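Engineer: Give me coordinates for this.
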Amino acid sequence: MITLELLAVAVALGCDAFSVAVGVGALGLSGGRIFRLSWHFGLFQFFMPLIGLAIGQMSAEILGQAGHWVAAVLLALIGLNMARQAVTSPHRDLERKDPTRGWTLVLLSISTSIDALIAGFSLGLLGVHILLACLIIGMAAALMTMAGMFIGAGAGRVMGRWAELFGGAVLITLSVFFALYTSS
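Structural biologist: Numbering: from 1, shown residues only. I've put the predicted structure just below:
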């Protein structure tokens with residue numbers, strides 16, 4: 001996979017983290033909040049695709065050429081789900097207590113990285129270098145989390161929905177590319 005495509009996947013997957021970070025940032029900023037949320041979102045985004053990639057690479061031997069089609073379908077499903085949630089679900093209301101501590105932080109980290117697990121499986125089917133992909137995805141999530149918190153502090157919660165919709169559109173576009181890539 002070309003690095004540009006991997007960056008696009010990383011940004012698309014980071015949109016969930018960005019969306020949540022906008023909401024958290026709207027609750028107020030502090031150095032500790034920024035560090036905790038960015039660190040945990042980046043860490044979970046690193047490990048979830050690592051697990052998914054390992055599963056995907058093991059499956060690639062079994063699926064052979066069909067692996068590209070499976071990857072395309074999975075990315076399309078993730079993208080469609082992200083877009084559906086952005087359009088139909090009300091923006092996540094975060095608790096008034098500090099969401100960057102305790103179980104709330106763990107649950108937010110897991111919920112924003114589930115898509116990365118599935119995408120990691122898809123990337124594994126395409127034979128992507130595991131460590132490089134996970135580093136790029138994790139770093140993109142951490143940076144997008146920081147950016148989201150600062151934007152959220154200034155702009156409120158309006159942008160979160162649009163970021164998720166954009167992320168879904170990018171994944172759907174990439175799935176079409178993967179499907180076309182297999183045809184050639």
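Engineer: tell me which strands and helices the helix or strand encompassing residue 131 is in contact with?
Structural biologist: Per DSSP states H and E: residue 131 is located in helix 130-155. Packed against helix 130-155 by the contact rule (3 or more Cβ pairs under 8 Å, 6 or more residues apart in numbering; DSSP states H and E) you find helix 3-26, helix 31-63, helix 102-125, helix 159-183. Bear in mind the C-beta positions are built from the backbone N, C-alpha and C, glycine included.
Engineer: in that helix, what counts as buried?
Structural biologist: Neighbour counts over helix 130-155 (16 or more other Cβ atoms under 10 Å) mark 130, 133-134, 136-138, 140-149, 151-153 as buried.
Engineer: circling back to that earlier point, so can I have CSV of the helices and strands packed on helix 130-155 showing distance to residue 72 and mean pLDDT?
Structural biologist: Shown next, in CSV, are the helices and strands packed on helix 130-155 (distance: least, Cβ to Cβ, whole Å; pLDDT from 0 to 100):
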stretch, distance to residue 72, mean pLDDT
helix 3-26, 12, 83
helix 31-63, 12, 84
helix 102-125, 8, 80
helix 159-183, 4, 67
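Engineer: Could you single out the most deeply buried of those helices?
Structural biologist: Sort these by mean neighbour count, taking mean count of other Cβ atoms under 10 Å, and helix 3-26 sits at the top with a mean of 24.
Engineer: if we can go back for a sec, for the helix holding residue 131, give the mean pLDDT please.
Structural biologist: The average pLDDT for helix 130-155 rounds to 88.
Engineer: one step back: which of the helices and strands packed on helix 130-155 sits closest to residue 73?
Structural biologist: Closest to residue 73 of the helices and strands packed on helix 130-155 is helix 159-183 (Cβ to Cβ; 7.0 Å).
Engineer: rewinding a little: right, so of the helices and strands packed on helix 130-155, which gets closest to residue 76?
Structural biologist: helix 159-183 (3.7 Å).
Engineer: so who does residue 53 touch?
Structural biologist: Going by Cβ atoms under 8 Å, 6 or more residues apart in numbering, residue 53 touches 120, 121, 123, 124, 128, 130, 133, 134.
Engineer: Pull the most distant pair out of these.
Structural biologist: Of all pairs drawn from the contacts of residue 53, the one with the longest distance (Cβ to Cβ) is 121 and 134, at 12.8 Å.
Engineer: State the distance spanning the first to the last residue of stretch 15-34.
Structural biologist: End-to-end distance of stretch 15-34 (Cα to Cα, to the nearest Å): 16 Å.
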